[in-house]
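Colleague: starting from these lines, generate the structure:
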Amino acid sequence: MESKSKILNAVKYMGGTTLTIGMLLFLLGLFESGSSLLTPIGIGTVMGAIFIFLMGVFFVVTEEMLEKRRNAMKEAIIKIK
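Modeller: Predicted coordinates:
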């Protein structure tokens with residue numbers, strides 16, 4: 001369980017940092033800059049942060065499901081013997 005919480009914390013902090021940078025870039029490009037080049041970069045960064053978070057959570061859930069299946073198979077083998 002400790003490894004799963006480490007992965008979730010890493011994904012949370014990495015996604016949060018990337019999301020913050022993306023929001024700052026988006027707002028800077030939208031309101032402050034005369035050029036609108038930073039706006040699409042900010043949007044892409046925000047989408048990347050969402051992707052990082054969702055993939056990290058997906059990996060943790062997949063690992064949990066595989067571990068439950070392995071434990072169920074071990075219990076079934078023990079019952080058969």
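
Colleague: just for the protein, where's the confidence low?
Modeller: For the chain, residues meeting the criterion pLDDT under 70 lie at 1, 33, 35, 81.

Colleague: nearest residue to the middle of it?
Modeller: Centroid check for the chain by Cα atoms, centre = their mean gives Phe53 as the closest residue, at 1.6 Å.

Colleague: okay but that one is in contact with Tyr13, surely?
Modeller: No. Phe53 is beyond contact range of Tyr13, at 10.4 Å (criterion: Cβ atoms under 8 Å). (Each C-beta comes from the backbone N, C-alpha and C, glycine too.)

Colleague: show me where this structure has helices.
Modeller: Assigned by DSSP state H, the helices in the chain fall at 2-27, 38-80.

Colleague: buried residues, the shortest one. List them.
Modeller: Going by neighbour count (16 or more other Cβ atoms under 10 Å), the buried part of helix 2-27 is Val11, Gly15, Thr18, Leu19, Ile21, Gly22, Leu25, Phe26.

Colleague: how far does that helix sit from its chain's centre?
Modeller: In terms of Cα atoms, centre = their mean, to the nearest Å, the centre of helix 2-27 is found 7 Å from the chain centre.

Colleague: by contact count, what packs against it?
Modeller: Here helix 2-27 touches helix 38-80, going by 3 or more Cβ pairs under 8 Å, 6 or more residues apart in numbering; DSSP states H and E.
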